[in-house]
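Visitor: Here is a sequence together with a model predicted from it:
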2 protein chains.
Amino acid sequence: MRALLCNPLHSKIGGMALEHAILVSLLEKPGSGYELARRFERSIGYFWTATHQQIYRVLKRMENDGWVRAREVPQQGRPDKREYSVADLGHAALSSWLHEPIEPESVRHDLAVKIRGAAFDDPAGLVREVERHRRAHTDRLAHYLAGEERDFPPVPDDGTPPDAERELQHVVLRGGIAYERMMIAWLDDVLATLRGF
Amino acid sequence: MRALLCNPLHSKIGGMALEHAILVSLLEKPGSGYELARRFERSIGYFWTATHQQIYRVLKRMENDGWVRAREVPQQGRPDKREYSVADLGHAALSSWLHEPIEPESVRHDLAVKIRGAAFDDPAGLVREVERHRRAHTDRLAHYLAGEERDFPPVPDDGTPPDAERELQHVVLRGGIAYERMMIAWLDDVLATLRGF
DNA sequence: ATCGGCATGTAAACGGTTACATGATTTA
DNA sequence: TAAATCATGTAACCGTTTACATGCCGAT
């Protein structure tokens, strides 16, 4: 018996958000592939990682699809660059992605696997590794807090209308801060547990 | 000029933790591919997802490598199954993975991309989506809390030595609980921000 | 009879990672 | 003169996702 083909037209639901992350970043500010790669090591990169190879490949595809436009920018003292900005098609693609629901993300949490695995090996041996992770998270927290102070100083409410772009960047950053604080507290819990053996 | 080959012997640092998640799960309790797939929808699956196709493929590779052993188990009223358990080589592989450091995981956070993208579309239109996510997280929290009550009831300290396997499973579950609580609080923050426009 | 659960797979497409590659300019 | 930064790629590999596929059993 033949199986039914049941997906007529709609291509790839979910997944593949790199395009969208790039669109958002280019809407916030146009830039070259190189500049995007830099941003993916900072702001945007805190919740979506990508390497320059990936970015160049995807950028090329997006240009072919008419999602972005490139402009040659001659520079002095530096190689020329191709500055990308979002075209109407790209803006529309982002908009339709924003309107389709995505599944609450499935987690990949190596450290949790390690912690449960430690029961069959050497629990105390994991302490150093967990401490390393705790340090990484306190570093990131400090970095986020510094960024918050720098970019989002408290403003007295003077009736000026809120800037959506800015407010939304801030609430995402607050999410990062909450995440790091939660992780640090949890890793303390893990350390206390490991040291109990 | 020729580039130097600079990785002599060690294959793939990082990545590829599915093997290790399977090893941990099989150490906790031997089982068939099908049973593992079930577990990856529950307990272990809360911090590492995998489909049955992936599991069967990896299981076969692990069997070839001598990491796991299969035992044919005839069943009545059901198809026979191949029950896997961890071999010495697998235990050793897990142990060496546990001892090598891993990078604190890089996050992939679709929703954060959406939230920043909403500034260029319709911020208010995201409210329903964020509410959906909030509901998913409260459901998962309730589920975790029920599991905690069921599997980890409070025990008066009567001097019996702590069970590492159990304690470590519990601390991982507490991590899941802390994560869901953090997410719910943050999503409330996001909703308040979105409603402010 | 059909549906859901048990049980095990193959194959294609896609996304991400790593290694390799080039070449200019500024700074130490 | 060496290292770091700017700038842009190609190729191979590997892991993940999705679609397709089979067949038995028990319950409704």
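Guide: Structure received.

Visitor: Please name the nearest non-neighbouring residue to A:Glu129.
Guide: Leaving aside its sequence neighbours, A:Glu129 sits nearest to B:Pro101 (C-beta to C-beta, 6 or more residues apart in numbering or on different chains; 5.9 Å). From N, CA and C alone the C-beta is placed, and that goes for glycine too.

Visitor: Tell me how many other residues crowd the residue of chain A found nearest DNA strand C.
Guide: Nearest residue of chain A to DNA strand C (C-beta to the nearest atom of the strand) works out as A:Gly77 at 2.7 Å. Using other C-beta atoms under 10 Å in any protein chain shown, A:Gly77 has 4 neighbouring residues.

Visitor: Three-state assignment for it, please.
Guide: coil (DSSP: H, G, I helix; E, B strand; the rest coil).

Visitor: Which phi and psi values does it adopt?
Guide: With angles defined as degrees, to the nearest 10, A:Gly77 sits at phi 80, psi 0.

Visitor: and the longest helix seen in chain A with chain B, contact?
Guide: As assigned by DSSP state H, the longest helix anywhere in chain A is helix A:164-195. Yes: counting by C-beta under 8 Å from any C-beta of the partner chain, chain B has neighbours in helix A:164-195: A:164-165, A:167-172, A:174-175, A:178-179, A:181-182, A:185-186, A:189-190, A:193.

Visitor: Now, of those residues, which are buried?
Guide: Among the residues of helix A:164-195 next to chain B, the ones that count as buried by 16 or more other C-beta atoms under 10 Å in any protein chain shown are A:164, A:167-172, A:174-175, A:178-179, A:181-182, A:186, A:190, A:193.

Visitor: does A:Arg71 sit in a helix, a strand or a coil?
Guide: Strictly by three-state DSSP, A:Arg71 counts as strand.

Visitor: In contact with it, which residues?
Guide: A:Arg82, A:Glu83, A:Tyr84, A:Ser85 (C-beta atoms under 8 Å, 6 or more residues apart in numbering or on different chains).

Visitor: That one and A:Glu63, how far apart?
Guide: In this structure, A:Arg71 and A:Glu63 are 11 Å apart, going by C-beta to C-beta, to the nearest Å.

Visitor: list the residues that contact both of the two?
Guide: In contact with both A:Arg71 and A:Glu63: A:Tyr84, using C-beta under 8 Å, 6+ apart.

Visitor: Which helix or strand contains A:Leu23?
Guide: helix A:18-28 (DSSP states H and E).

Visitor: on contacts alone, who are the packing partners of that helix?
Guide: Under the contact definition 3 or more C-beta pairs under 8 Å, 6 or more residues apart in numbering or on different chains; DSSP states H and E, helix A:18-28 sits against helix A:33-39, helix A:52-64, strand A:68-73, strand A:81-86, helix A:88-99, helix B:110-118.

Visitor: hmm, the fifth one touching DNA strand D?
Guide: No: no part of helix A:88-99 sits close enough to DNA strand D to count as contact by C-beta under 7 Å from any atom of the strand; the gap is at least 14.4 Å.

Visitor: tell me what that helix is packed against?
Guide: helix A:18-28, helix B:110-118.

Visitor: where does chain A dip in pLDDT?
Guide: A:1-16 (pLDDT under 70).

Visitor: per the record, what domains does it have?
Guide: Chain A breaks down into these domains under automatic domain parsing: A:18-99, A:110-195.

Visitor: Distance to B:Lys29 added to the ones you listed, as JSON lines?
Guide: Converted to JSON lines, the domains of chain A look like this (distance: least, C-beta to C-beta, whole Å):
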{"stretch": "domain A:18-99", "distance to B:Lys29": "34"}
{"stretch": "domain A:110-195", "distance to B:Lys29": "12"}
